[in-house]
Structure formats: C-alpha cells, structure tokens
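A.B. asks: sharing a model prediction with you, sequence too.
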Amino acid sequence: MCGRFDLTASMDELIQEYGGVPVEQLEPCYNIAPSRNILVARQENVIGIRWLYLRWGLIPHWEDHVNTGYKLFNAVAETITEKTSFRDCFAARRCIIPATGFYEWKQADGGPNVPYRIRLKTGKPFAFAGIYNKWKPPEGGEPIESCSIITTTPNKVTRPIHDRMPVIRVPPTFMLFCTLRKSQKLKAQHVLGL
DNA sequence: CCAGACGTTGTT
DNA sequence: GTCTGG
DNA sequence: CCAGACGTTGTT
DNA sequence: GTCTGG
C-alpha cells in the first residue's frame, strides 16, 4: 500500500530525470497525505510532458458530492482493469508521481504501529505509477482533477514491513536490459507499460 | 427491467 | 457511467 | 495513511 | 468504534 510519502527533491532534479517544463515547487515535505495536492507528470498532446498538482484520492466521475464517497488513494494493480472506478483511467489517463520515499506501517508485537521510510540507497527521486481523472460538480463550478497510486506485491526490501507497495518507476540509470532465450515467452502483463 | 454498488486497508 | 444482483 | 473528533437546539 | 480532515 502507499498511504503516505515524501518528496524532497528539487524541481531541477525531477526535470533532469523525467523531462518537461518546471512548475511552481512546494516546500519539501516529509509527510504527504491523501487529500493533498501532489505533484504529478503526465503526457499531454502537443505540449508533451506536463507537471501539475492533482488531488490525491481519485474521485470517480459519477460522484455526486466531493466530500462524500470513496477515498481512492490506491488502486490494486492486479485488478485495475476490472474495477469500474479505475478501468478507463488506466486505459487512457496514466501519470507518474515523483517521490523520494514512501512510508509503510508495521505493528510492533502487540504494540503501536511503527512507520518505516523506504527509499533508494542513492537518495535520488523515483516515481510511482498513477492514474488520474477529472470530476465535474453536477451543480457546475470548477472541475477537480484527482489521482491514485497503483500498488503491487512488495519487493524484498518492503516485504518484511508490509504486503503491498507502490508500483515504482526507477530512473533509467538503475536499469539494464538483456535478450531473451528461446524458451522465454513474453506474457501480456510484461508489456502493460507500467 | 430497476436498484445499488462502484475502494483499500487492517483487523477480527 | 456501467456493472451486478435480484 | 494517521490524527483527532466524537454536540445540541430550534427552525426551515 | 467510526468518521472526517489533512
């Protein structure tokens, strides 16, 4: 899961890593929570990569009131193409959400919940996979754009702490590629593009 | 057909 | 808006 | 996700 | 315990 994260990287660092044109930058924050406006980057026609702030907590477009209804701050990757609330967003409106770390809570033996921060060894920023949406108030007025972070099963680092973690985009410098042996076949989920 | 749900998490 | 359950 | 609140009255 | 606000 991912219900809280931090972002302390500069806009310059983010632009260098992901491209696009700088926008106003908020104070570095170690405690970003659902319902806050968070920085995202998305691909737009004509202008290309655009940085902007969206409300964290997806509001389905049929919702009647902005203050009621579900708080969709996470979307389970395994079922995202089946869920009414996420399917169209996933097909057409994806974004990345930059972060320098995320928090997971683990209950100490019968004790209180203890937060852990998970981050890259280098301290560099990385990005969550996200989806976004536009909600128009039935009574008229300003539309609200909102987003949700996609979650998946944990990797080795996160597994001891929690059974879910955000789908992460790691900078290209952390990656390599290799060719496949004949016996290896690609499955649909390998090419989803997350 | 209409009515009602539409989500995640953790906890039990 | 769209799917599920009755 | 956590932190913090968690009400009533009369009137429409 | 459960809901709301951040």
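C.D. replies: Right, received. Where do you want to start?
A.B. asks: where does pLDDT dip in chain A?
C.D. replies: A:171-194 (pLDDT under 70).
A.B. asks: close to DNA strand D: what parts of chain A are there?
C.D. replies: Remark: the part of chain A in contact with DNA strand D comprises A:Met1, A:Gly3, A:Arg4, A:Ala33, A:Pro34, A:Ser35, A:Lys71, A:Phe73, A:Trp105, A:Asn113, A:Pro115, using C-beta under 7 Å from any atom of the strand. Yep, even glycine has a C-beta here, placed from its N, CA and C like the rest.
A.B. asks: could you pick out which of those residues are near DNA strand B?
C.D. replies: Answer for these near DNA strand B (C-beta under 7 Å from any atom of the strand): A:Met1, A:Gly3, A:Lys71, A:Trp105, A:Asn113.
A.B. asks: closest one of those residues to A:Arg94?
C.D. replies: A:Met1 (19.3 Å; C-beta to C-beta).
A.B. asks: in contact with that closest one, which residues?
C.D. replies: Residues in contact with A:Met1 (C-beta atoms under 8 Å, 6 or more residues apart in numbering) are A:Asn74, A:Glu104, A:Thr151, A:His162, A:Arg164, A:Met165, A:Pro166.
A.B. asks: the first one pairs with what?
C.D. replies: In this structure, A:Asn74 has the following beta-bridge partners (DSSP bridges): A:Ile149.
A.B. asks: in stretch A:157-175, which residues are buried?
C.D. replies: A:Thr158, A:Ile161, A:His162, A:Arg164, A:Met165, A:Pro166, A:Val167, A:Ile168, A:Arg169 (16 or more other C-beta atoms under 10 Å).
A.B. asks: quick one: A:Asn31 and A:Asp6 touch, right?
C.D. replies: Yes. Taking contacts as C-beta atoms under 8 Å, A:Asn31 lies within contact range of A:Asp6: 6.9 Å.
A.B. asks: ok, back up a step: tabulate the contacts of A:Met1 (TSV), appending distance to A:Arg119 and secondary structure.
C.D. replies: Shown next, in TSV, are the contacts of A:Met1 (distance: C-beta to C-beta, whole Å; DSSP: H, G, I helix; E, B strand; the rest coil):
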residue	distance to A:Arg119	secondary structure
A:Asn74	19	strand
A:Glu104	12	strand
A:Thr151	17	strand
A:His162	15	coil
A:Arg164	17	coil
A:Met165	12	strand
A:Pro166	12	strand
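A.B. asks: between A:Asn31 and A:Asp6, who's got more neighbours?
C.D. replies: A:Asp6 (17 against 10; other C-beta atoms under 10 Å).
A.B. asks: give me the element the more buried one is part of.
C.D. replies: Using DSSP states H and E, A:Asp6 falls within strand A:5-7.
A.B. asks: hmm, that strand touching DNA strand B?
C.D. replies: No. Shown here: strand A:5-7 not in contact with DNA strand B (C-beta under 7 Å from any atom of the strand), separated by at least 13.5 Å.
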